[in-house]
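**Q** this one's structure only:
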């Protein structure tokens, strides 16, 4: 029998998520989630001790992601992304297919070097500007936009540091970054490659063969000004670009090299961001003000509040429900654990977003009493469900919602129906391939 | 291992997206040989 507390908690949770996705009058998504979290703390569904635990779990991952966003703000201010956009057009050399490959590669690399939300925020305006510059028709530009968004988001699966939900869940199951990559890199790359192939075959007739207009001898700076870059006349400094990309790469590498020695990821990330800020000051005499002002500090509160909501559900027995329903079947082996948890997180992500979904799924498996190897497999299947399965609907990830929002702002019509009519053909196959690859890879390296 | 991986990612990223597709001002200067310069000067 469901009691009054459970119904109240479910109402608060549902309303918080609904308002977060709806964002009436463009309010920040943090506001409804924080109000919901405050209500369940006041109602006593989450204790002060729980809040301390939550703070210790979410603060590190939030700061790590914040540091990568700071880095992208610094790079944007020196004309880095404007230069990339210009290069892509010229290097495509009139070929629509080459442009398609370049855009997909850019989205993949941006998520690898920064994070999924940052990648969407940076690459979507670049793609929009390219398709506008080339005067492509809607059926011609849809492949570039959708494949870019799907690849950018899915590419956060191979390494844990590109996605806040992966980092939080990583901490819950006690897996380290290197352990994650060892098991997850190959299966998720197979999934992303499958997704790219399917997208190409689906869109191959819509991608224009010839783009026209640009030749390789055109001067890049004459082509266009990137909308993200307010300083259209920024001088291109190749030496500075080289130093900056080296700092980003070293920071990413340091996450893996230094974290086994107990150095917190957030410290490494923040040092990397401050090194970039210092280099910019040295070369351009630009201070820290723009980085402080433009960084989304609210993600600290957002991640904390979201986790408070999930903890409220846990305390009222949602986890018990998942555990009693799935424990027996998950315990039977790696295959069941992979498929069941991958599909469960996919379904939950597409109902109420992947951040709470992966938290709920991960908390549930930690209480199933699984052996360590099976626990890790179930967790990694959760991540695949949350990073790839969640792309089925726009609700699934915040990155997709941000993408829809950017398209709307630029008057590009992308309905949910149109989005789902494409993802329904791609995501279930990519998810199945990823989960089966995970199972087979785990048999090789873990069991 | 991951340092090597990110080094490869970094180099690829630079070559694909940051390296100039047309000669930069510095490269153009390097390509100008002394003899060409002298020829031009003589022609003028």
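**A** Thanks, I have it. Note that the coordinates shown come from a computational prediction; the quantities given were computed from them, not determined experimentally.

**Q** from here on, contacts and neighbour counts on C-alpha atoms
**A** Fine.

**Q** how about the residue in chain B that chain A sits nearest to, phi and psi?
**A** Nearest residue of chain B to chain A: residue B:3, at 4.5 Å (CA to the nearest CA). Note on residue B:3: its backbone torsions stand at phi -60, psi -40 [degrees, to the nearest 10].

**Q** same check, this time on residue A:114
**A** Taking degrees, to the nearest 10 as the convention, residue A:114 sits at phi -130, psi -110.

**Q** pLDDT at it, what is it?
**A** On the pLDDT scale, residue A:114 is placed at 85.

**Q** what sits against the residue lying closest to it once chain neighbours are set aside?
**A** Spatial nearest neighbour of residue A:114, excluding adjacent residues (CA to CA, 6 or more residues apart in numbering or on different chains): residue A:68 at 5.4 Å. Going by CA atoms under 8 Å, 6 or more residues apart in numbering or on different chains, residue A:68 touches A:114, A:115, A:269, A:273.

**Q** ok, now how distant is residue A:68 from residue A:244?
**A** For residue A:68, the distance to residue A:244 equals 13 Å [CA to CA, to the nearest Å].

**Q** which residues are common contacts for the two?
**A** Joint contacts of residue A:68 and residue A:244 (CA under 8 Å, 6+ apart) do not exist.

**Q** show me the contacts for residue A:208.
**A** By CA under 8 Å, 6+ apart, the neighbours of residue A:208 are A:95, A:96, A:97, A:140.

**Q** so it, which of the three states?
**A** coil (DSSP: H, G, I helix; E, B strand; the rest coil).

**Q** need the pLDDT of it.
**A** 90.

**Q** that one and chain B, how far apart?
**A** 21 Å (CA to the nearest CA, to the nearest Å).

**Q** equivalent analysis for residue A:281, please.
**A** Distance from residue A:281 to chain B, by CA to the nearest CA: 21 Å.

**Q** for that residue, give me the pLDDT.
**A** Residue A:281 is given a pLDDT of 94.

**Q** now do the same contact list for the residue nearest to it when sequence neighbours are not counted.
**A** Nearest non-adjacent residue to residue A:281, counting by CA to CA, 6+ apart: residue A:287, 5.8 Å away. Residues in contact with residue A:287 (CA under 8 Å, 6+ apart) are A:277, A:280, A:281.

**Q** so where's chain B uncertain?
**A** For chain B, the stretches with pLDDT under 70 are B:22-44.

**Q** what lies in contact with the host helix or strand of residue A:16?
**A** Using DSSP states H and E, residue A:16 sits in helix A:4-22. For helix A:4-22, contacts defined as CA under 8 Å, 6+ apart pick out A:28-33, A:35-36, A:39-40, A:45, A:309, A:312-313, A:316, A:352, A:395, A:401.

**Q** now, which of these lie within helices?
**A** Judged by DSSP state H, the contacts of helix A:4-22 include A:30-33, A:35-36, A:39-40, A:309, A:312-313, A:352, A:401 as members of helices.

**Q** could I get those as CSV with neighbour count and distance to chain B?
**A** What follows is these, written out as CSV (neighbours: other CA atoms under 10 Å in any protein chain shown; distance: CA to the nearest CA, whole Å):
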residue, neighbour count, distance to chain B
A:30, 21, 33
A:31, 18, 37
A:32, 24, 38
A:33, 28, 35
A:35, 14, 40
A:36, 22, 40
A:39, 16, 43
A:40, 22, 42
A:309, 29, 35
A:312, 25, 37
A:313, 20, 37
A:352, 20, 34
A:401, 19, 27
